[in-house]
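> Based on what follows, work out the 3D shape:
(2 chains, ligands or ions: 1)
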Amino acid sequence: MFFLLKRSFRVKTEDLKVKHKKVISLFIREVDTGSCNACEIEVANLNNPYYDVERFGIKFVASPKHADVLLITGCVTRNMLIPMIKAYENAPAPKFVLTVGDCTAECPYFKDSYAVEGPVSKHLPVHVHVPGCPPEPAQVIEGLLKLSHFADKDL
Amino acid sequence: MYLEEEISETEIYGKVESIIKKGGYLLSIVCSDERALGEDFVIRYFFREEGIKVLKLCVGTKFPSITSLCPAAKNYEREIRDMFGLVPEGHPDSRSLMLYPENWDPSIHPLRKDYDGKKPEFKKYGIYRYKEVFGEGINKVLVGPIHAGIIEPGHFRFSLAGEAILQLEIRHFWKHRGVEKVCEGKNPEEALRIVSRISGDNAVNISLAYLNAVETLLGIKLSQRVSYLRCVLAELERIWNHVRDLGWLFMDIGFPLPAQHLFSIQEQLMRLNKVITGHRFMFDAFSIGGVNVKIEDEEKRLIDKMLTLVEKETKEVERFAIETPSVRDRFETTGRIFRKTAMELSLCGVCARASGLKRDTRVELPYLAYKDFDVNVPISEQGDVMARFMIRVEEIYQSVNLIRGFLENLPNDNAEKQNLLFPYSWSVGNAETPRGNAFFFVMLDEKGNIYRLKYTDPSFRNWPAIQYAVLGDIIADFPLVNKSMNLSYSGNDL
Ligand code: SF4
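Got it, this is the predicted structure:
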């Protein structure tokens, strides 16, 4: 029982547009600042057997205190602004910010709302942005690899 | 259209009491600012009772709270106080709900028509008092808003005696985006794009509820084919949601093997979504009066293959859960919601059905192709995690059969479109999402744009139940109870 994975479906390293460097490993804290939860689900899917992001040395951790990267989704609601900034402050330096989804940048749907304080770049330095509504898991992996190149240079 | 019964403040208790006695339950409470239309603020109470019963109450600055009679009304009334500044008299909780005193000026009420859209200065205007539990040996565990897993934000406060949970207090609305206000002034087609982004994993079913309301208002009659195809998408969404939810249940008891197995099926289902609609979550698959989906012979074969696989694998997972003692040990008697609680809180969806209430919008208020098909509503009396697990399993089988039925009988006909507009008249729409009943209230202005839109997510109704479900369980069971209900934060927070 339980061996359903179709090898041919698995996302291969060669197919990604960004190359994987073997030197850098990223620990990530995911922070949702007001998404519609589709972006979360795609990020959570990175851990399923088809994407298996840990093979790149990328791991999701429980606390910003353990993280190198904040992966931010959502349009930064007024209520989440302070928690987001606190999470950033609590991550040890050097730290990087990856934003995932259109909501974090131009936010085509909710930007005019009284309750929205986005984009993320207004409040934190953003290193890499992955566009899409929501971006597909492979695109998020590419974004993460791009960030690892960036981090490699910076360290 | 729905007949509304106009009532006065003194009559409301009697009316609500008699509805509840007859077995009716609350669907939603909708307030709207109709001062510009020659009325006052209008509060409409929607009850499910032989169809939908609507009570209309015109109010000035305050209104009688019905929370003591109907506990399900509690958060609706708090919401009305935040959004419109009307005071529910006799309400047990005087704290704000969505607009936080930590950053919002409490004298500004954004859903009033005279709100100018200016945000107040970002500063602390007051504090939010949590409920305290005192006593020797009582300790507190505070969780969130940012959680350890890859999930949405919410704040949970546990008061514990040892490991047992004495009280859980939830604070939500961290993700409050102001969806209802954003929709105002938009045309129904633009609003549809926003509505499908209320809660991404239920996008299809939520959109169906919205379309149900809007198409009634615009007088659009759907072709049979469109209505069948829409239901196919709705059931596909239910399947992938349930498959994922089962996976998380195994994940949270430390059984990654079946969990990852189910996640692979979820992935294949989402890829199938992309094949037929061009999007993994089927966003923007609908338009007003139509549906953009490619289901030809090739796709039908693909769907059929996938359904066979889902059915077979679900059976295996079901057997695994029943035959593995350590799974049953964690699932059974954990997180019980009793029937009485479920009734008082007007629960819906899987949570209601697992607690013995036969509630399913597809049967109670049939829409689209569900009018032509029988939907069996699986019921359990246990109310625990196992019951919710089994209901999801049953519903997967059910959805598989429904999709097969829809595709076999797919009609070929063309829409007869007729557009009538009823300015400032309103309509409601309902649909059964994987989480339960989604309710829309839509009112259009004379140009056909949205004047007021109110959405009630199944999560908004079901979240309070978790505070009862965890009582007496140990804190380590909380993630499991939470996942077994799997409620949406974004749908709740709006
Ligand atoms: S970018 Fe799109 S999918 Fe992601 S949170 Fe925003 S609306 Fe949802």
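
> State the pLDDT value of the residue of the stretch 351-494 of chain B at minimum distance from the ligand.
Nearest to the ligand in the stretch 351-494 of chain B, going by C-beta to the nearest ligand atom, is residue B:490, at a distance of 8.0 Å. Bear in mind the C-beta positions are built from the backbone N, C-alpha and C, glycine included. Note on residue B:490: pLDDT of 89.

> which ones are touching residue 139?
You didn't say which chain, so I picked chain A. Contact analysis of residue A:139 by C-beta atoms under 8 Å, 6 or more residues apart in numbering or on different chains lists A:130, A:132.

> Can you look at chain B instead?
Applying C-beta under 8 Å, 6+ apart, one finds that residue B:139 lies in contact with B:159-160.

> sec struct for it, please.
Following DSSP: H, G, I helix; E, B strand; the rest coil, residue B:139 is assigned to strand.

> could you measure it against residue B:165, distance?
Separation of residue B:139 from residue B:165 (C-beta to C-beta, to the nearest Å): 11 Å.

> anything in contact with each of the two?
Common contacts of residue B:139 and residue B:165 (C-beta under 8 Å, 6+ apart): residue B:159.

> Hmm, residue B:37 and residue B:113 touching each other?
No: using C-beta atoms under 8 Å as the test, residue B:113 is too far from residue B:37 to be in contact (9.6 Å).

> Looks to me like residue A:88 is in a helix.
Yes: Residue A:88: assigned to a helix according to three-state DSSP.

> so what's it scoring on pLDDT?
Residue A:88 carries a pLDDT score of 92 in this model.

> correct me, but it touches residue A:64?
Yes: using C-beta under 8 Å, residue A:88 is in contact with residue A:64, at 7.4 Å.

> list the contacts for the closest residue to residue B:189 other than its chain neighbours?
Nearest non-adjacent residue to residue B:189, counting by C-beta to C-beta, 6 or more residues apart in numbering or on different chains: residue B:288, 5.7 Å away. By C-beta under 8 Å, 6+ apart, the residues touching residue B:288 are B:188-189, B:192, B:211, B:214-215, B:218, B:220.

> and with 7 Å instead?
B:188-189, B:192, B:211, B:214-215, B:220 (C-beta atoms under 7 Å, 6 or more residues apart in numbering or on different chains).

> And for the residue lying closest to residue B:112 once chain neighbours are set aside, the neighbour number?
Excluding its sequence neighbours, the residue lying closest to residue B:112 (C-beta to C-beta, 6+ apart) is residue B:33, at 5.2 Å. Neighbour count of residue B:33, defined by other C-beta atoms under 10 Å in any protein chain shown: 22.

> Residue B:33 and chain A, how far apart?
Distance, residue B:33 to chain A, by C-beta to the nearest C-beta, to the nearest Å: 15 Å.

> which phi and psi does that residue have?
Backbone torsions of residue B:33, given as degrees, to the nearest 10, read phi -90, psi 100.

> ok, it to residue B:181 distance?
11 Å.

> Find residues that contact each of those two.
Residues within reach of residue B:33 and of residue B:181 at once, by C-beta under 7 Å, 6+ apart, are residue B:111.

> residues from the stretch 101-250 of chain B in reach of the ligand?
Residues of the stretch 101-250 of chain B lying close to the ligand by C-beta under 6 Å from any ligand atom are B:197, B:200.

> In the stretch 101-250 of chain B, which residue sits closest to chain A?
Scanning the stretch 101-250 of chain B for the residue nearest chain A gives residue B:200, at 2.7 Å (criterion: C-beta to the nearest C-beta).

> element containing the residue nearest to residue B:148 when sequence neighbours are not counted?
Residue nearest to residue B:148 in three dimensions, not counting chain neighbours: residue A:62, with 3.6 Å by C-beta to C-beta, 6+ apart. Under the criterion DSSP states H and E, no helix or strand holds residue A:62.

> Counting neighbours, what do you get for residue A:62?
12.

> Report the separation between it and residue A:94.
From residue A:62 over to residue A:94 the distance is 20 Å, taken as C-beta to C-beta.

> Which parts of the stretch 351-494 of chain B are strands?
Secondary structure of the stretch 351-494 of chain B by DSSP state E, counting those that start in this stretch: the strands cover B:426-433, B:436-444, B:450-456.

> give the contact list for residue B:290.
residue B:226.

> Who are the contact partners of residue B:107?
If you count contacts by C-beta under 7 Å, 6+ apart, then residue B:107 has nothing around it.

> what's the answer for the one 3 residues further on, then?
Contact criterion C-beta under 7 Å, 6+ apart gives A:114, B:83, B:178, B:181 as the residues in contact with residue B:110.

> Try it again at 10 Å.
Contact analysis of residue B:110 by C-beta atoms under 10 Å, 6 or more residues apart in numbering or on different chains lists A:113-115, B:82-85, B:98-99, B:104, B:117, B:119, B:178, B:180-181.

> Just the buried ones from those?
Listed as buried from the contacts of residue B:110 are A:113-115, B:82-85, B:98-99, B:104, B:119, B:178, B:180-181; burial here means 16 or more other C-beta atoms under 10 Å in any protein chain shown.

> of all those residues, which comes closest to residue B:229?
Set against residue B:229, the nearest of those by C-beta to C-beta is residue B:180 (28.8 Å).

> Sketch out the low-pLDDT regions of chain B for me.
B:1, B:414-424 (pLDDT under 70).

> Please read the previous query as pertaining to chain A.
Across chain A, the ranges flagged by pLDDT under 70 are A:1-9, A:21-23, A:154-155.

> pull the longest helix from it.
Ranked by residue count and defined by DSSP state H, the top helix of chain A is helix A:137-154.

> Doesn't residue B:336 lie inside a helix?
No: counting by three-state DSSP, residue B:336 falls outside a helix, being coil.

> pretty sure it contacts residue B:466?
No: using C-beta atoms under 10 Å as the test, residue B:336 is too far from residue B:466 to be in contact (11.6 Å).

> Show me the buried ones among the contacts of residue B:110 that map onto helices.
Counting by DSSP H, the buried ones among the contacts of residue B:110 place B:82-84, B:180-181 in helices.

> which neighbours do residue B:113 and residue B:37 share?
Any residue near both residue B:113 and residue B:37 by C-beta under 10 Å, 6+ apart counts here, and that gives residue B:451.
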